[in-house]
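**Student:** I need the structure of the sequence given here:
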Amino acid sequence: MENEVQFFPNAPVDVENSPSVVAINVSPIEYGHVLLIPRILECLPQRIDHDSFLLALYMAAEAGNPYFRLGYNSLGAFATINHLHFQFSNCTSLCIL
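**Tutor:** Here you go, the predicted model:
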């Protein structure tokens, strides 16, 4: 349905102990390019774990937009900082994440 809001009460979010943050990318490749940084206070290395991957998938599902893209890169793929993060972008044209 149009304008339907999805809510995932089981999404792995632990705001009291270590919040997850959506931050504007300082080196964007497209308008609206943001980072999801799971459990930011834990200073996690750039390695996917189960809960952070689920959180990223929930965020992508919440967007409900066919142009919303989820990406991941690591130090071996030219990530500039070794912290766990996912890339999100609203790609209305050809967009490679």
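**Student:** can you map out the helices along the chain?
**Tutor:** Per DSSP state H, the chain carries helices over the ranges 50-63.
**Student:** where along it do the strands fall?
**Tutor:** Ranges of strands in the chain, per DSSP state E, are 21-24, 34-37, 68-71, 86-90.
**Student:** name the helices or strands packed onto the third one?
**Tutor:** What that stands for is strand 68-71. Contacts defined by 3 or more CB pairs under 8 Å, 6 or more residues apart in numbering; DSSP states H and E place strand 68-71 against helix 50-63, strand 86-90. C-beta coordinates here come from the backbone N, C-alpha and C atoms, glycine included.
**Student:** Residues contacting it, please?
**Tutor:** Contact partners of strand 68-71, identified using CB atoms under 8 Å, 6 or more residues apart in numbering, comprise 56-57, 59-60, 86-91, 95, 97.
**Student:** Flag every buried residue along stretch 21-33.
**Tutor:** Under the neighbour-count criterion of 16 or more other CB atoms under 10 Å, stretch 21-33 has 30, 33 buried.
**Student:** would you put the C-alpha positions of that stretch in CSV?
**Tutor:** This file holds the C-alpha atoms of stretch 21-33, laid out as CSV (Å, rounded to 0.1, in the frame of the first residue of the first chain):
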residue,chain,number,x,y,z
VAL,A,21,24.3,6.0,13.8
VAL,A,22,23.4,7.1,10.3
ALA,A,23,26.0,9.7,9.2
ILE,A,24,26.5,11.7,6.1
ASN,A,25,29.4,10.4,4.0
VAL,A,26,32.2,12.9,3.8
SER,A,27,33.2,11.4,0.4
PRO,A,28,29.8,10.8,-1.2
ILE,A,29,29.5,9.1,-4.6
GLU,A,30,25.9,10.2,-5.1
TYR,A,31,23.5,12.7,-3.5
GLY,A,32,22.1,11.2,-0.3
HIS,A,33,25.1,8.9,0.3
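**Student:** For Asn25, list the residues it contacts.
**Tutor:** 33-35, 87.
**Student:** Could you dump the contacts of strand 68-71 into CSV with pLDDT added?
**Tutor:** What follows is these, written out as CSV (pLDDT from 0 to 100):
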residue, pLDDT
Ala56, 94
Leu57, 93
Met59, 91
Ala60, 90
Phe86, 93
Gln87, 91
Phe88, 91
Ser89, 88
Asn90, 82
Cys91, 77
Cys95, 56
Leu97, 50
